[in-house]
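Engineer: Just a sequence and a predicted model for now, questions to come.
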Amino acid sequence: MTRPAKGYLAGTMCPSSPSPTMAQVLRQEGVKVLSVQPQSAAARLGMAPGDTLISINGKPIGDIIDYWFHAAAERLRVEWVDARTGLIRRKQVRKAFDERLGLELEPFEIRRCNNYCVFCFVHQLPKGLRRELYIKDEDYRLSFLYGNYITGTNLSPADKARIKEQRLSPLYFSVHATDQAVRERLLAKRDIEPIIPLLQDLTEAGIFVHAQVVLCPGINDGEILEKTAFDLASLHPRLESVAIVPVGLTDHRERLPELQPVTAEYARAFLDECKRLQRRILKKHGHPVIFPSDEFFLIAGLEPPSYRQYPEIPQLANGVGMVYRLYKELDALLADLPDRLPQPRRVAAVTTPLGLKVLGRLRDAVNARVQGLQFDLLPMENSLFGKGITVSGLLPGADFARAMKEHPGYDRYLVPENSLRPWDRRFLDDMLLTDLVAAAPAEVAIGGETAESILDAILGDPLPPPAASSL
């Protein structure tokens with residue numbers, strides 16, 4: 001056995017004899033190394049792309065979360081399979097506490113959902129879309145990493161123990177109802193673990209939780225919603241918030257359970273009831289806990305509320321506080337705009353009927369502030385999912401192309417950022433942004449979900465034409 005080296009590195013090949021064979025190695029769990037950062041601790045160990053990381057300080061590594069958790073220590077004993085020799089190597093390394101080990105690991109396989117929720121959006125997709133859109137995930141790791149919602153119906157005792165040990169917090173749960181019979185009806189699955197004992201177990205262990213309720217008229221509203229709200233509020237403060245969102249129904253619900261849409265009348269009655277629930281919960285727990293999404297207010301024809309009193313807007317990704325965030329810095333942003341443009345300019349943002357309600361005040365304020373600028377909104381019904389789906393992020397590329405064709409004469413068209421897949425700028429119908437830009441009759445710019453990003457899209461630089469962007 002080799003004498004340990006001094007300095008950062010100290011290690012040997014496996015001390016057991018003989019060295020393991022590749023067949024033995026294949027029985028080991030681990031994660032494949034995709035790349036090694038130059039001059040990192042892993043590089044000092046001699047690790048290379050293609051190796052398989054097995055353990056750190058004796059703890060098995062099964063995914064990126066295990067790696068981040070166990071690699072945070074300053075002294076590491078790393079075990080890996082050397083891809084060049086097929087042998088297991090074990091070495092020790094010291095690093096600064098804030099220094100990373102320096103590995104990029106292969107992504108983990110996503111756990112699939114085996115529920116059949118009556119309102120599941122995946123079940124309502126039309127045929128012919130790209131395959132990954134039909135994947136239903138139910139993975140607590142994605143909940144921790146990206147805020148994806150899980151029902152918790154596939155959590156094993158080992159999963160729960162790991163969540164507690166590694167403090168995977170916050171987690172995001174789709175609850176929908178705490179009444180067991182109603183929840184099983186909504187998830188279309190029997191004999192599932194009751195949700196409140198599960199959440200109580202996690203929150204008592206120090207895990208923070210956000211929850212959501214997809215409100216289906218006539219199923220989980222009324223007394224059922226009241227029970228859900230108070231059951232969840234009893235877990236506050238570690239259960240930090242509950243977002244209530246309206247059920248979304250596409251035109252592709254053949255052979256699916258019949259559900260009622262959220263109408264303007266229903267939304268107004270629900271908001272009145274929700275306000276009463278919030279007051280009662282606030283009195284009992286010191287915090288309202290439940291928050292209806294802005295979409296309810298827009299459907300009802302009402303102004304969404306301010307969230308100025310909260311240091312952090314709860315569940316922004318679920319549409320809670322979306323409108324407040326859009327407008328909270330608008331006055332300061334308008335003050336920085338030019339009084340007039342050197343040449344008249346017409347700009348149109350392609351959106352949805354719901355987006356028209358959201359952006360109308362911004363449109364009016366911009367047009368009043370800048371002379372020579374005409375900023376219009378072009379609401380389009382969703383040709384892919386139907387008129388029941390009114391969020392701009394689900395508009396297909398074909399609808400943006402149609403808007404430009406049906407409304408010519410603009411100098412620039414705005415496309416919302418959330419309608420594009422981030423890594424390849426592709427719309428839900430597989431149209432690429434570059435193809436839309438190439439066919440557009442005028443400039444195209446991308447606007448985000450804040451007033452600042454929209455104003456920049458109106459007055460800043462447009463997207464370059466495809467030929468220029470590829471140079």
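Structural biologist: Alright, I've got the coordinates.

Engineer: which helix is the longest one in this protein?
Structural biologist: The longest helix of the chain (DSSP state H) is helix 264-285.

Engineer: next helix or strand past it?
Structural biologist: Later in the chain than helix 264-285, the nearest helix or strand by DSSP states H and E is strand 290-292.

Engineer: Direction included, what does that following strand pair against?
Structural biologist: Strand 290-292 has the following sheet partners, assigned by DSSP bridges: strand 239-246 (parallel).

Engineer: Now D435. Nearest residue, chain neighbours left out?
Structural biologist: Spatial nearest neighbour of D435, excluding adjacent residues (CB to CB, 6 or more residues apart in numbering): G397 at 7.5 Å. (Each C-beta comes from the backbone N, C-alpha and C, glycine too.)

Engineer: cool, and G360?
Structural biologist: Nearest to G360 is L377, by CB to CB, 6+ apart, at 7.0 Å.

Engineer: quick one: the one you found is in a helix?
Structural biologist: No - per DSSP: H, G, I helix; E, B strand; the rest coil, L377 lies outside any helix segment and is strand.

Engineer: and it, what does it touch?
Structural biologist: By CB atoms under 8 Å, 6 or more residues apart in numbering, L377 lies in contact with A348, A349, T351, G355, L356, L359, G360, R363.

Engineer: Filter those residues down to the buried ones and express that as a ChimeraX selection.
Structural biologist: A single ChimeraX command is used to select the members of those judged buried by 16 or more other CB atoms under 10 Å:
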select :348,349,351,355,356,359,363
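
Engineer: pLDDT, distance to P466 and secondary structure added to the contacts of L377, as CSV?
Structural biologist: Formatted as CSV, the contacts of L377 follow (pLDDT from 0 to 100; distance: CB to CB, whole Å; DSSP: H, G, I helix; E, B strand; the rest coil):
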residue, pLDDT, distance to P466, secondary structure
A348, 98, 21, strand
A349, 97, 22, strand
T351, 96, 24, strand
G355, 93, 26, helix
L356, 94, 30, helix
L359, 96, 28, helix
G360, 96, 33, helix
R363, 97, 29, helix
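
Engineer: For the contacts of L377, which two are the farthest from each other?
Structural biologist: The distance between the two most remote of the contacts of L377 (CB to CB) is 13.7 Å, for A348 and G360.

Engineer: Show me which residues of the longest helix of the chain are buried.
Structural biologist: Neighbour counts over helix 264-285 (16+ other CB under 10 Å) mark Y266, A267, F270, L271, C274, L277, Q278, I281, H285 as buried.

Engineer: quick revisit: how much space between the residue nearest to G360 and A332?
Structural biologist: Distance, L377 to A332, using CB to CB, to the nearest Å: 23 Å.

Engineer: the strands in the stretch 101-250 of the chain, which residues?
Structural biologist: Assigned by DSSP state E, counting those that start in this stretch, the stretch 101-250 of the chain shows strands spanning 103-105, 149-150, 171-174, 209-215, 239-246.

Engineer: Now render those strands as TSV, adding distance to P464.
Structural biologist: Listed next are those as TSV, based on distance: least, CB to CB, whole Å:
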stretch	distance to P464
strand 103-105	30
strand 149-150	37
strand 171-174	37
strand 209-215	39
strand 239-246	37
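
Engineer: and these as TSV, adding distance to S383 and mean neighbour count?
Structural biologist: What follows is these, written out as TSV (distance: least, CB to CB, whole Å; neighbours: other CB atoms under 10 Å):
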stretch	distance to S383	mean neighbour count
strand 103-105	40	20
strand 149-150	27	21
strand 171-174	28	23
strand 209-215	24	23
strand 239-246	21	24
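
Engineer: By mean pLDDT, which helix or strand of the protein comes out lowest?
Structural biologist: Among the helices and strands of the chain, strand 9-13 carries the lowest confidence by mean pLDDT, DSSP states H and E, at a mean of 30.

Engineer: Specify the residue ranges that define each domain of this structure.
Structural biologist: As assigned by automatic domain parsing, the chain contains the domains 9-105, 122-324, 330-469.
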